[in-house]
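Colleague: Mind folding the following:
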Amino acid sequence: MEENLLSIKNAALSLILDAKDDKMLEEIKLQFLGRSGQLTLAIKEITKVPVEERKEIGILANEVKQTIEEALNEQEKILSKKRKQIIFERIDVTNPSVKPPLGHLHLVTQAIEEISAIFSKIGFERVRYPEVEWDWYSFGALNFPQNHPARDEWETFFIKESPHEKYGAMLLTPHTSSGQIREMERKKPPIRMLNIAKTYRRQSDISHVPMFHQFEGLVVDKDIAITHLKGTLDYFVRSFFGKDRKSRIRPYHFQFTEPSFEVDVSCGVCNGKGCKVCKAGWLELGGAGMVHPNVLRAGKIDPNEYSGFAFGFGPERCMMMKEGLKIEDLRILYSNNLDFLEQF
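Modeller: Take a look at the predicted model:
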C-alpha cells in the first residue's frame, strides 16, 4: 500500500511538471483527485490494511494528497505568469492606444458657447441667475402690473411654497429678464451683462417646449442711446450669422423697455431680397429696447443719471436660423434621438 501511494505521488508530480496549460492541469487533477481518481481509490483501500498499519498509511495518504494539491496550485501560478508574459511581449507599447468613443456637446450648448464668446469680445460679463425665482424679480420689478396675463398660472409655473413677505410668490423663471434686476443689485454702472439660462413656460407644441434657453443682454451707463443698441445688434448678427447679414428693429411693446423693439435678421437664403422662407427678406429674432425708468429704479439706479438697453433672444432659435435647419418639431432638440443629435 505504501509503495502504491508513493508511486501515485511520483506519477502525478511528473505529469504536473509537464503540463502546458490549464486544461491539462484540470485533467491531471481529475485523474488523481477526482471521484474515480487514482489517489481517491487508493485511499478507499486503506480499510483493507491491517489495523496496526492504518494510522501510518493514513498519514502518508494525506501527505501525498497535500503534495499533489500544492504542486497543482504552483504549476497553475507558473502557467498564469507565462500567459501574461506572452501577452505583454505581443503588445507594442509604442503604438498609439485605441481611444474610447466620445460624444460631443449638444448643439444648443454649442450655440450658447459661441454666443458667449461673441459678446465677451465687446466686454459683456457672462452671469447666471436663479431658475427658481420670486415674482418680484420676474414681474414686479420689471414693471408688470398685477393683472398682467403673464402672471396667470396658465402661463407661468408657480411653486407651492409660502409667498415671501417682500418678493411674493415663488416660480420657475419665465425669462432671463429677471437677471436685469439682480445684476443691478449686484453692481453699479457701468454694467455689461450677458445672462444665459434655462427658462420655463407652460407651453408645449411643435414650436414651443416647457423648458428652453434665453440669453439676456443688459447695458447700463451714462448717455446710453438706441444707436448703441443697434450697433450691438448688428455686431452680434454679423458675428453669429455671417458678415453679409443685417439686423433691423421694429416698434413693439414690452413692459420693461421703453421704447421697445422686435429685432429681425436678414434672411440667409435670399440675403434680404424675399423668398419662400422669409416672405419679405427678414426673419424675426427676438426683442430689445431701452430699459424702462421704473426698472432702473427697481434696481436702485437713478434713471435721471443713467440709461441702458436690453435684449433677449433664444439660442435655439438663433442656432436654427443660422444653420437653416428644417425642424418640423422643436421638441426633437431635447429628445434622446441619437439619429438626430449625432449629426451635430
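Colleague: Report how many residues lie close to residue 140.
Modeller: Using other C-beta atoms under 10 Å, residue 140 has 18 other residues around it. No exception for glycine: its C-beta is placed from N, CA and C like everyone else's.
Colleague: who's in contact with residue 221?
Modeller: Going by C-beta atoms under 8 Å, 6 or more residues apart in numbering, residue 221 touches 189, 190, 191, 306, 307, 308.
Colleague: which residue sits closest to the third one in space, ignoring its chain neighbours?
Modeller: Counting by C-beta to C-beta, 6 or more residues apart in numbering, residue 220 is the residue found nearest to residue 191 once chain neighbours are left out, at 4.2 Å.
Colleague: how about that neighbour, secondary structure?
Modeller: When states are read from DSSP: H, G, I helix; E, B strand; the rest coil, the local structure at residue 220 comes out as strand.
Colleague: What are the buried residues along stretch 289-301?
Modeller: For stretch 289-301, a neighbour-count test (16 or more other C-beta atoms under 10 Å) marks 289, 290, 291, 292, 293, 295, 296, 298, 299, 301 as buried.
Colleague: What is the nearest of those residues to residue 83?
Modeller: Minimum distance to residue 83 across these is 72.1 Å, recorded for residue 299 (C-beta to C-beta).
Colleague: tell me what the top helix by length along the chain is packed against?
Modeller: Across the chain, the longest stretch assigned as helix under DSSP state H is helix 51-90. On a contact count with 3 or more C-beta pairs under 8 Å, 6 or more residues apart in numbering; DSSP states H and E, helix 51-90 meets helix 2-18, helix 22-33, helix 38-44.
Colleague: Looking at those, which is nearest to residue 136?
Modeller: Proximity to residue 136, assessed across those by C-beta to C-beta, is greatest for helix 22-33 (74.2 Å).
Colleague: counting contacts, what elements does that closest one pack onto?
Modeller: On the basis of 3+ C-beta pairs under 8 Å, 6+ apart, helix 22-33 makes packing contacts with helix 2-18, helix 38-44, helix 51-90.
Colleague: Can you list the buried residues in it?
Modeller: If you call a residue buried by 16+ other C-beta under 10 Å, then helix 22-33 has these buried ones: 25, 28, 29, 32, 33.
Colleague: And stretch 256-267, by the same measure?
Modeller: By neighbour count on 16+ other C-beta under 10 Å, the buried set for stretch 256-267 is 256, 257, 260, 261, 262, 263, 264, 265, 266, 267.
Colleague: thinking again about what came up before, so which of the helices and strands packed on helix 51-90 gets nearest residue 343?
Modeller: Going through the helices and strands packed on helix 51-90 one by one, with C-beta to C-beta as the measure, helix 22-33 comes closest at 48.9 Å.
Colleague: Not counting the closest one itself, show me its contacts.
Modeller: Taking contacts as C-beta under 8 Å, 6+ apart, the residues outside helix 22-33 that touch it are 8, 11-12, 15-16, 19, 37-40, 65, 68-69, 72, 75-76, 79.
Colleague: now it and helix 51-90, what's the angle there?
Modeller: Between helix 22-33 and helix 51-90, the angle formed by their directions is 180 degrees, by axes from the mean of the first three to the mean of the last three C-alpha atoms, to 10 degrees.
Colleague: returning to what we had before: is it possible to get a markdown table of the helices and strands packed on helix 51-90 that adds distance to residue 163 and mean pLDDT?
Modeller: Rendered in a markdown table, the data for the helices and strands packed on helix 51-90 read as follows (distance: least, C-beta to C-beta, whole Å; pLDDT from 0 to 100):
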| stretch | distance to residue 163 | mean pLDDT |
| --- | --- | --- |
| helix 2-18 | 82 | 84 |
| helix 22-33 | 73 | 86 |
| helix 38-44 | 83 | 83 |
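Colleague: pLDDT score for residue 90?
Modeller: We have a pLDDT of 69 for residue 90.
Colleague: Could you do residue 326 as well?
Modeller: Residue-level pLDDT assigned to residue 326 equals 67.
Colleague: Could you list the domains of this protein?
Modeller: The domain map for the chain lists 2-90, 107-341, with the assignment taken from automatic domain parsing.
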